[in-house]
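J.: give me a model of this one.
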Amino acid sequence: MEQGRARDDAPALSGTGRPQVGGPPRVPEQARGEHTHDTPRPTSADAATPSEPGVRRTVRRHSVRGQILDALRTALVSGELVPGEVYSGPALGERFGVSATPVREAMQQLVLEGAVEVVPNRGFRVAERTARDLAELAEVRALIEVPVVLGLARTVAPEHWARLRPLAEATVTAAAAGDLAAYADHDRAFHGALLGLSGNRQLVMVADDLHRRAQWPRAGAPRTIRAALVADAAEHSALLDALIAADLPVVRSLVREHFTGGAG
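T.: Got it, this is the predicted structure:
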């Protein structure tokens with residue numbers, strides 16, 4: 001899925017890990033290319049008071065890191081973190097109102113996911129994706145998801161498919177609003193629930209990781225227009241209709257075309 005750039009005036013994070021208003025926090029110019037060994041500014045989110053037990057300090061620390069990780073993932077999907085650019089932990093931490101430590105920890109997770117790479121003494125460079133990268137991801141996803149969904153179409157009762165309708169409708173709503181980050185979340189939730197009917201948790205985790213990687217934009221890619229998101233979301237609803245009706249030829253056609261189309 002090709003994603004676009006988010007709002008420029010987004011504020012700090014809320015307790016849910018997302019910005020309080022609008023899209024992901026804008027990454028300031030000074031965040032790019034700075035040294036990551038600068039002394040971080042301590043915050044209450046990173047250090048508990050002496051009276052707090054160690055376990056509580058750990059939970060709070062992990063909560064902050066999780067919020068930062070969610071915000072960074074949103075910034076990746078929206079294109080706010082630009083492919084090829086280098087961002088430093090201290091500057092991003094200042095933007096988010098935390099020290100550099102949870103930012104670096106979150107970035108290390110993104111390194112494992114292949115979203116960024118470490119640049120010694122500078123920070124983290126956002127991976128540059130090519131059209132071939134995205135095509136290969138779509139091919140692998142199709143190899144996994146198409147046969148699973150076709151198998152489920154023959155065995156799952158209509159009422160189970162009907163329960164996924166709110167997830168499909170959430171993608172339609174996000175698409176109509178042109179909310180790229182929200183669409184990415186709802187898109188993965190729909191596909192995850194679809195595959196979850198197989199009962200194979202490992203399959204769902206592998207497919208979700210591939211799906212997340214496929215949502216990162218490639219360098220220089222144009223912004224995904226609202227019409228493309230709306231068309232993609234409509235395929236979710238159409239697929240559910242076909243699954244409920246047990247119309248296997250239509251299911252086969254829709255699920256295969258879904259991976260060669262636009263957003264997800």
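J.: return the set of buried residues in stretch 141-152.
T.: Neighbour-count burial for stretch 141-152 flags 141, 145-146, 148-149, 152 (criterion: 16 or more other Cβ atoms under 10 Å). Glycine gets a C-beta too; all of them are placed from N, C-alpha and C.
J.: which non-adjacent residue is nearest Arg154?
T.: Nearest non-adjacent residue to Arg154, counting by Cβ to Cβ, 6 or more residues apart in numbering: Leu248, 7.2 Å away.
J.: I'd say the one you found and Val149 touch.
T.: No: counting by Cβ atoms under 8 Å, Leu248 does not reach Val149; the two are 10.6 Å apart.
J.: next, count neighbours for the closest residue to Leu72 other than its chain neighbours.
T.: Spatial nearest neighbour of Leu72, chain neighbours left out: Ala106 (5.6 Å); criterion: Cβ to Cβ, 6+ apart. The tally of other residues near Ala106 (other Cβ atoms under 10 Å) stands at 26.
J.: buried residues in the host helix or strand of Ala106?
T.: Taking DSSP states H and E as the criterion, Ala106 maps to helix 100-112. Neighbour counts over helix 100-112 (16+ other Cβ under 10 Å) mark 100-107, 109-110 as buried.
J.: CA atoms of that helix as PDB?
T.: Output of helix 100-112 as PDB, limited to C-alpha atoms (Å, rounded to 0.1, in the frame of the first residue of the first chain):
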ATOM      1  CA  ALA A 100      15.700   9.200  23.700                       C
ATOM      2  CA  THR A 101      15.700   5.800  25.400                       C
ATOM      3  CA  PRO A 102      12.100   4.600  24.600                       C
ATOM      4  CA  VAL A 103      12.500   6.000  21.100                       C
ATOM      5  CA  ARG A 104      15.700   4.000  20.500                       C
ATOM      6  CA  GLU A 105      14.100   0.900  22.000                       C
ATOM      7  CA  ALA A 106      11.100   1.300  19.600                       C
ATOM      8  CA  MET A 107      13.500   1.900  16.700                       C
ATOM      9  CA  GLN A 108      15.300  -1.400  17.500                       C
ATOM     10  CA  GLN A 109      12.000  -3.200  17.100                       C
ATOM     11  CA  LEU A 110      11.600  -1.500  13.700                       C
ATOM     12  CA  VAL A 111      15.100  -2.600  12.800                       C
ATOM     13  CA  LEU A 112      14.000  -6.200  13.400                       C
END
